[in-house]
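[1] Can you look at this prediction? I've put the sequence above it.
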Amino acid sequence: MTTMTQTSARFREFKMPDVGEGLTEAEILKWFVQPGDTVTDGQVVCEVETAKAAVELPIPFDGVVHELRFGEGTTVDVGQVIITVDVAPGSEDEAPAPAPVQEPVDEPAAPAEEPKGRTPVLVGYGVAESSTKRRPRKGAAAPEAAAVAAAVQAELNGHGAPAVPAAPETPVARPLAKPPVRKLAKDLGIDLATVVPTGKDGIITREDVHAAAAPAGPVAAEAVAPSAPAPVVAEAPAATASARETRIPVKGVRKAIAQAMVGSAFTAPHVTEFVTIDVTRTMKLVAELKEDKEMAGVRVNPLLIIAKALLVAIKRNPEVNAAWDEANQEIVQKHYVNLGIAAATPRGLIVPNIKDAHDKTLPQLAEALGELVTTARDGKTSPAAMAGGTVTITNVGVFGVDTGTPILNPGESAILAVGAIKLQPWVHKGKVKPRQVTTLALSFDHRLVDGELGSKVLADVAAILEQPKRLITWA
């Protein structure tokens with residue numbers, strides 16, 4: 001959904017759209033344009049991360065970037081203006097006054113009144129008031145506090161403590177610093193308002209931030225409480241070379257994972273069953289398929305055969321492919337299988353799914369698995385690709401783990417965990433021989449899957465992997 005407004009015939013606003021399934025906010029990961037850059041219709045201007053995926057946003061008109069409303073790392077509600085564009089550069093229409101670029105902050109700033117006439121206009125179904133914390137507007141900081149902070153920082157930087165000037169006649173302006181410097185200050189826990197700039201035109205440099213983060217000398221420094229109307233003298237804490245703790249804001253994919261796992265674990269009564277099996281014949285089949293001309297150009301691995309085995313087991317036990325509808329007190333039987341594959345990515349765990357996997361041939365399934373993994377690894381999985389799953393496979397064996405008790409993906413009835421395949425002693429045809437062995441674990445929702453049904457599904461998957469020819473006889 002593309003959202004935009006028009007403030008005048010010359011300047012147009014582009015708002016944060018709902019990029020999928022009713023999401024209410026997104027974090028701006030990266031801007032690809034800056035004020036003054038020329039943009040064209042369809043050009044990607046930024047990358048945002050929702051609770052499900054990273055998405056690139058294209059601008060829906062031509063023009064010159066006039067203003068970026070939010071900095072990188074800021075979480076923005078759907079419906080808020082994120083960029084304004086001059087669609088008629090060179091005309092005599094008066095440009096609107098740029099709003100301060102809002103950067104992410106670690107602590108709430110002192111409340112400040114919004115200027116009149118700046119009430120945001122939202123679109124769509126309406127969005128709650130933004131939770132993004134704004135820095136104080138001009139005039140929000142106490143002049144005395146800023147003056148004392150400047151004196152303290154000058155002393156820390158080794159410039160000597162300047163005389164505290166009289167209260168200025170004009171309000172204190174927002175600190176000037178480039179985005180990388182702002183990120184550095186955030187990482188070090190430094191408030192840019194307390195840093196004395198040494199760069200050209202009053203711009204704060206990286207050296208200024210490092211100087212502010214350096215331990216204080218033998219002279220005790222004075223600190224000012226940021227929200228106090230008058231300066232409060234306190235001992236400056238010494239910065240440590242290596243912190244003992246790191247606090248990471250819970251947002252984006254990690255926040256979605258937390259909410260989904262808690263909701264699933266405390267809503268669906270989980271039951272997990274295990275079986276250890278000999279998959280030597282499956283591994284031989286994988287080796288043979290890699291040499292098959294029909295499988296040329298696609299990736300063949302054990303996960304492919306395991307996925308096909310699960311699809312056959314679901315076909316033999318269709319009642320397992322269902323969902324619990326709490327609102328209507330109904331069990332919803334699914335006559336299709338959207339097979340989810342849990343994938344670990346740099347942004348966290350995601351579960352994209354292969355649509356209508358039950359209808360795919362083995363080469364088609366292999367191709368779909370390859371595309372799914374590549375897209376997830378590149379961070380390009382769309383929200384639509386993660387919606388509508390019915391059952392999931394999680395391959396914990398790639399980490400060398402034997403098994404686990406997987407938590408159901410919300411809205412699904414079962415999840416199959418596959419352990420590492422290892423060469424182990426195994427009784428085969430009455431003799432102990434080295435065989436390829438693995439352990440499977442199936443978790444299911446006991447509200448709609450009884451123990452008998454869950455056991456049959458797991459037993460069928462195991463039987464197919466022990467004797468892959470059952471893919472033909474049972475299918």
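    Structure received.

[2] Can you get me the start-to-end distance on stretch 392-407?
    By Cα to Cα, to the nearest Å, the extent of stretch 392-407 from end to end equals 10 Å.

[3] Next: stretch 355-364.
    12 Å.

[4] For that stretch, which residues meet the burial criterion?
    Neighbour-count burial for stretch 355-364, counted by 16 or more other Cβ atoms under 10 Å, picks out Lys355, Ala357, His358, Lys360, Leu362, Pro363. Yep, even glycine has a C-beta here, placed from its N, CA and C like the rest.

[5] next one: stretch 401-408
    Asp402, Thr403, Gly404, Pro406, Ile407, Leu408.

[6] Give me the residues contacting that stretch.
    261, 264-265, 268, 270, 272, 274, 342, 392, 394, 396, 414-417, 419-420, 439-441, 443-445 (Cβ atoms under 8 Å, 6 or more residues apart in numbering).

[7] Put the buried members of the residues you listed into a PyMOL selection.
    A single PyMOL command selects the buried members of those (16+ other Cβ under 10 Å):
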select buried, resi 264+268+270+272+342+392+394+396+414+415+416+417+419+420+439+440+441+443+444+445
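
[8] and the buried residues of stretch 401-408 as a markdown table, adding pLDDT?
    Below are the buried residues of stretch 401-408 laid out as a markdown table (pLDDT from 0 to 100):
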| residue | pLDDT |
| --- | --- |
| Asp402 | 94 |
| Thr403 | 92 |
| Gly404 | 92 |
| Pro406 | 93 |
| Ile407 | 91 |
| Leu408 | 92 |
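
[9] Please produce CSV containing those, extended by secondary structure.
    Output for the buried residues of stretch 401-408, formatted as CSV (DSSP: H, G, I helix; E, B strand; the rest coil):
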residue, secondary structure
Asp402, coil
Thr403, coil
Gly404, coil
Pro406, coil
Ile407, coil
Leu408, coil
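
[10] Which one of these is nearest to Ala185?
    Distance to Ala185 across the buried residues of stretch 401-408 (Cβ to Cβ) is lowest for Ile407, with 38.2 Å.

[11] Look up how far Asn338 lies from that closest one.
    18 Å (Cβ to Cβ, to the nearest Å).

[12] Pull out the buried positions in the one helix or strand Val45 maps to.
    Assessed by DSSP states H and E, Val45 sits inside strand 44-49. Using 16+ other Cβ under 10 Å as the test for burial, strand 44-49 gives Val45, Cys46, Glu47, Val48, Glu49.

[13] closest to Arg182 among those residues?
    Among the buried residues of strand 44-49, and counting by Cβ to Cβ, the member closest to Arg182 is Cys46, at 16.5 Å.

[14] need the contact list for the nearest residue to Ile314 once chain neighbours are set aside.
    With sequence-adjacent residues excluded and distances taken as Cβ to Cβ, 6 or more residues apart in numbering, Ile314 is closest to Asn321, at 5.1 Å. The contact partners of Asn321, by Cβ under 8 Å, 6+ apart, come to Ile314, Gln333, Lys334, Val337, Thr390, Val391, Ser413.

[15] Distance from the chain centre to stretch 431-443, please.
    36 Å (Cα atoms, centre = their mean, to the nearest Å).

[16] I should have written stretch 318-332 there, sorry.
    29 Å.

[17] can you check stretch 417-428 too?
    Distance, centroid of stretch 417-428 to centroid of chain: 35 Å (Cα atoms, centre = their mean).

[18] cool, stretch 263-272 as well?
    On Cα atoms, centre = their mean, the centre of stretch 263-272 falls 24 Å from the chain's centre.

[19] just stretch 309-329 next, same as before
    29 Å.

[20] same check, this time on stretch 53-72
    Counting by Cα atoms, centre = their mean, stretch 53-72 comes out at 19 Å from the chain centroid.

[21] Let me know the secondary structure of Leu57.
    strand.

[22] if I look at the closest residue to Gly397 other than its chain neighbours, how far off is Leu440?
    Once flanking residues are discounted, Gly397 sits nearest to Ala420: 3.9 Å by Cβ to Cβ, 6+ apart. Using Cβ to Cβ, we find Ala420 at a distance of 12 Å from Leu440.

[23] And for Leu416?
    Applying Cβ to Cβ to Leu416 and Leu440 gives a distance of 6 Å.

[24] Could you pull out the residues contacting both of these two?
    Leu458, Val461.

[25] where exactly do the helices run in this protein?
    Using DSSP state H, the helices of the chain run over 143-157, 179-188, 206-213, 252-265, 280-290, 302-316, 362-377, 451-466, 470-473.

[26] how about those in JSON lines, adding mean pLDDT and distance to Val196?
    Compiled in JSON lines, those are given as follows (pLDDT from 0 to 100; distance: least, Cβ to Cβ, whole Å):
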{"stretch": "helix 143-157", "mean pLDDT": "46", "distance to Val196": "4"}
{"stretch": "helix 179-188", "mean pLDDT": "73", "distance to Val196": "13"}
{"stretch": "helix 206-213", "mean pLDDT": "75", "distance to Val196": "7"}
{"stretch": "helix 252-265", "mean pLDDT": "76", "distance to Val196": "34"}
{"stretch": "helix 280-290", "mean pLDDT": "96", "distance to Val196": "64"}
{"stretch": "helix 302-316", "mean pLDDT": "97", "distance to Val196": "57"}
{"stretch": "helix 362-377", "mean pLDDT": "92", "distance to Val196": "45"}
{"stretch": "helix 451-466", "mean pLDDT": "97", "distance to Val196": "66"}
{"stretch": "helix 470-473", "mean pLDDT": "94", "distance to Val196": "71"}
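
[27] Minimum distance to Trp426: which of these has it?
    The minimum distance between Trp426 and the helices of the chain falls on helix 280-290, with 8.2 Å, by Cβ to Cβ.

[28] Residues contacting that closest one, please?
    295, 300-302, 304-305, 362, 421, 428, 435-436, 465-468.

[29] Would you mark the buried spots in it?
    Buried-residue list, helix 280-290, by 16+ other Cβ under 10 Å: Thr280, Arg281, Thr282, Met283, Leu285, Val286, Leu289.

[30] cool, and stretch 363-370?
    Pro363, Leu365, Ala366, Glu367, Ala368, Leu369, Gly370.

[31] From Leu68, how far off is the fourth one?
    Distance, Glu367 to Leu68, using Cβ to Cβ: 40 Å.

[32] Check the first one too.
    The gap separating Pro363 from Leu68 is 47 Å, by Cβ to Cβ.

[33] Over to the second one?
    According to Cβ to Cβ, Leu365 and Leu68 sit 44 Å apart.

[34] Below-threshold pLDDT in the stretch 51-200 of the chain: ranges please.
    Scanning the stretch 51-200 of the chain with the threshold set as pLDDT under 70 gives 51-52, 92-174, 179-180.

[35] let's see 50
    107-171 (pLDDT under 50).

[36] How about Leu423: what's its closest non-neighbour residue?
    In space, Leu423 is closest to Pro434, 5.2 Å off (Cβ to Cβ, 6+ apart).

[37] Just the pLDDT for the one you found.
    Here, the pLDDT recorded for Pro434 equals 96.

[38] So Glu428 is in contact with Gln436, correct?
    In this structure residue 428 is His, not Glu. No - with contact defined as Cβ atoms under 8 Å, His428 does not count as touching Gln436 (10.9 Å).

[39] Can you lay out the contacts of Asn321 as TSV showing neighbour count and distance to Arg247?
    As requested, those are exported to TSV (neighbours: other Cβ atoms under 10 Å; distance: Cβ to Cβ, whole Å):
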residue	neighbour count	distance to Arg247
Ile314	23	43
Gln333	12	45
Lys334	18	41
Val337	23	41
Thr390	24	37
Val391	28	36
Ser413	29	37
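
[40] Alright, that wraps it up for me.
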